[in-house]
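Chemist: heads up, no residue letters with this:
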């Protein structure tokens, strides 16, 4: 075992003393929220989903590196923690932590994933230099400072986590930079048959099925930490101290698939009546993405019958803690308590965001580099709200996010690549007016669009 790190140094003690001396209730609440929202699990989920999105765009190497950054970060900090076994600061912490102190898991994961993603997205010309620097610096710094302020880590724990994360990101950047050309050529040869298959009118190809299978397996692996994440989000003490968060979460949960479909359908109807073809097209595709995936999810949830983080007994109304491994086949068709996997809220909000972002890319909408991330950030609110209200496991949310993003992109891309598809042909065809006239030449029928 490595023991020198067990005792804090002068710098650790000085920084901790300064943080404790400058604490306030408002700042403590803010940093506690940051620490929960930007914990390891959401970062790993974001890395996996981001990797899948990059792979979906045929950026195979970039997607693999982003997805692996989260996995390598978790493996690295677990290995170092088991070797160093450094105790945390004394029990004055606001959050109870059950693992060793060095390195900070939050700092390791945030720096590894954010710096890797920033580099990859910049090199792939998906974001600008300023956005890349902001992603690589601001988020990890905020996460690290929150851990110090909450007194769950020494400063050297955070610095150690940042160092490990940056080293992992540097390795990813080196791999990306050195092999991208050869890898792109090899993958182009592999992807060519799949691309040709996608262009012949097939809705779901082999690549799509592989992505869905991979996402399902990934959500299954994530279920290992479901209980831990659920306990963190449903901390009754935190909820009692911050009732405003509960109110905000309930409001965030209003964005259901029903509301989004009604909104999309209404916009489509109004646009059709006002002959705004572009708006009608966008509204129809967005609503179509939500509706088709919602029907699929309803069947999946009904068959699997996964219990929610809390379960209300259908007979006596008693509430008990759920088990992420509790599945009752076909129970989801009859009981709300067993419709947990996947999350309908997450699917609907991310399907809307994905469809709108895809439409903006297709139409080369100005400022889409700013609008699209804002749409995805807004889509995350219902998902986080559902976990905060103890309605869903983290793996439910992850699979819902994947299905939403997948559906939004698939519907828009297929509709534009196949403009003669039956749905668009029936619902977006131009309206027409028929007129009958009688003149010197006799009766005539004229059909004109309007």
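Modeler: Arrived safely. Given the structure is predicted, the values throughout are model-derived calculations rather than measurements. Numbers count the residues shown, from 1 in each chain.
Chemist: tell me the contacts of residue 406?
Modeler: Counting by CB atoms under 8 Å, 6 or more residues apart in numbering, residue 406 makes contact with 56, 208, 211-212, 215, 354. (C-beta placed from N, C-alpha, C; glycine too.)
Chemist: swap in residue 284?
Modeler: 264, 268, 423-424, 427-428.
Chemist: The residues you listed into CSV, with extra columns for pLDDT, secondary structure and neighbour count?
Modeler: Below are those laid out as CSV (pLDDT from 0 to 100; DSSP: H, G, I helix; E, B strand; the rest coil; neighbours: other CB atoms under 10 Å):
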residue, pLDDT, secondary structure, neighbour count
264, 90, helix, 22
268, 89, helix, 23
423, 80, helix, 15
424, 81, helix, 18
427, 81, helix, 14
428, 77, coil, 17
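Chemist: coming back round to it: who wins for most neighbours among the contacts of residue 406?
Modeler: residue 354 (27 neighbours; other CB atoms under 10 Å).
Chemist: helices and strands around the helix or strand containing that one, which ones?
Modeler: Secondary-structure assignment from DSSP states H and E places residue 354 in helix 344-363. Judged by 3 or more CB pairs under 8 Å, 6 or more residues apart in numbering; DSSP states H and E, helix 344-363 is in contact with helix 257-273, helix 277-304, helix 368-388, helix 394-417.
Chemist: And that helix, what's buried?
Modeler: 344-360, 362 (16 or more other CB atoms under 10 Å).
Chemist: same deal with stretch 222-236?
Modeler: So for stretch 222-236, counting by 16+ other CB under 10 Å, buried means 222-223, 225-227, 229-230, 232-235.
Chemist: Make a markdown table out of these and add distance to residue 78, pLDDT and secondary structure.
Modeler: As requested, these are exported to a markdown table (distance: CB to CB, whole Å; pLDDT from 0 to 100; DSSP: H, G, I helix; E, B strand; the rest coil):
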| residue | distance to residue 78 | pLDDT | secondary structure |
| --- | --- | --- | --- |
| 222 | 16 | 83 | helix |
| 223 | 18 | 84 | helix |
| 225 | 12 | 84 | helix |
| 226 | 18 | 86 | helix |
| 227 | 18 | 85 | helix |
| 229 | 16 | 84 | helix |
| 230 | 21 | 84 | helix |
| 232 | 18 | 80 | helix |
| 233 | 22 | 81 | helix |
| 234 | 24 | 76 | coil |
| 235 | 23 | 74 | coil |
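Chemist: In the stretch 251-400 of the chain, where is pLDDT below threshold?
Modeler: 311-320 (pLDDT under 70).
Chemist: quick one: contacts for the closest residue to residue 375 other than its chain neighbours?
Modeler: Once flanking residues are discounted, residue 375 sits nearest to residue 353: 4.1 Å by CB to CB, 6 or more residues apart in numbering. Contact analysis of residue 353 by CB under 8 Å, 6+ apart lists 372, 375-376, 378-379, 404-405, 408.
Chemist: one more time with 10 Å
Modeler: Residues in contact with residue 353, defined by CB atoms under 10 Å, 6 or more residues apart in numbering, are 286, 372-380, 401, 404-405, 408.
Chemist: so how far is residue 398 from residue 390?
Modeler: 17 Å (CB to CB, to the nearest Å).
Chemist: Of the two, which one has the most company?
Modeler: residue 398 (31 against 19).
Chemist: Wait, that one touches residue 347, no?
Modeler: No: assessed by CB atoms under 10 Å, residue 398 is found out of contact with residue 347, at 11.0 Å.
Chemist: so which of the helices and strands packed on helix 344-363 is the most packed in?
Modeler: helix 394-417 (a mean of 25; mean count of other CB atoms under 10 Å).
Chemist: Could you check the angle that helix makes with helix 368-388?
Modeler: 150 degrees (axes from the mean of the first three to the mean of the last three CA atoms, to 10 degrees).
Chemist: since we're on residue 174, how many residues are nearby?
Modeler: There are 10 residues near residue 174, going by other CB under 10 Å.
Chemist: Same check on residue 10?
Modeler: Neighbours around residue 10, by other CB under 10 Å: 7.
Chemist: what is the rounded mean pLDDT of the host helix or strand of residue 161?
Modeler: Assigning secondary structure by DSSP H and E places residue 161 in helix 155-198. Throughout helix 155-198, pLDDT has a mean value of 69.
Chemist: check contacts around residue 153.
Modeler: The contact partners of residue 153, taken as CB under 10 Å, 6+ apart, are 12, 16, 86, 88-89, 93, 97, 101-107, 144, 146-147, 159-161.
Chemist: can you do 7 Å?
Modeler: Contacts for residue 153 (CB atoms under 7 Å, 6 or more residues apart in numbering) come out as 88, 101, 104, 147.
Chemist: sec struct for the last one, please.
Modeler: Residue 147 falls in the helix class when you classify it by DSSP: H, G, I helix; E, B strand; the rest coil.
Chemist: can you offset everything so residue one is 534?
Modeler: Sure, I'll start counting at 534 from here, so that last one is residue 680.
Chemist: any idea how far residue 580 is from it?
Modeler: 19 Å.
Chemist: The third one too?
Modeler: Counting by CB to CB, the gap between residue 637 and residue 580 amounts to 17 Å.
Chemist: Between the two, which has more neighbouring residues?
Modeler: residue 637 (29 against 25).
Chemist: ok, that one touching residue 692?
Modeler: No: Residue 637 is not in contact with residue 692 according to CB atoms under 7 Å; the separation is 8.7 Å.
Chemist: which one of the contacts of residue 686 is nearest residue 700?
Modeler: residue 637 (14.7 Å; CB to CB).
Chemist: What sits closest to the closest one if chain neighbours are left out?
Modeler: Per CB to CB, 6+ apart, closest to residue 637 is residue 694, 3.9 Å.
Chemist: The one you found: neighbour count?
Modeler: Residue 694, neighbours per other CB under 10 Å, totals 30.
Chemist: Likewise for residue 604?
Modeler: Count around residue 604 with other CB under 10 Å applied: 15.
Chemist: Quick check: it vs residue 867, distance?
Modeler: Taking CB to CB, one finds residue 604 at 38 Å from residue 867.
Chemist: Same check on residue 961?
Modeler: From residue 961 to residue 867 the distance is 38 Å (CB to CB).
Chemist: Phi first, then psi, for residue 860.
Modeler: phi -130, psi 130 (degrees, to the nearest 10).
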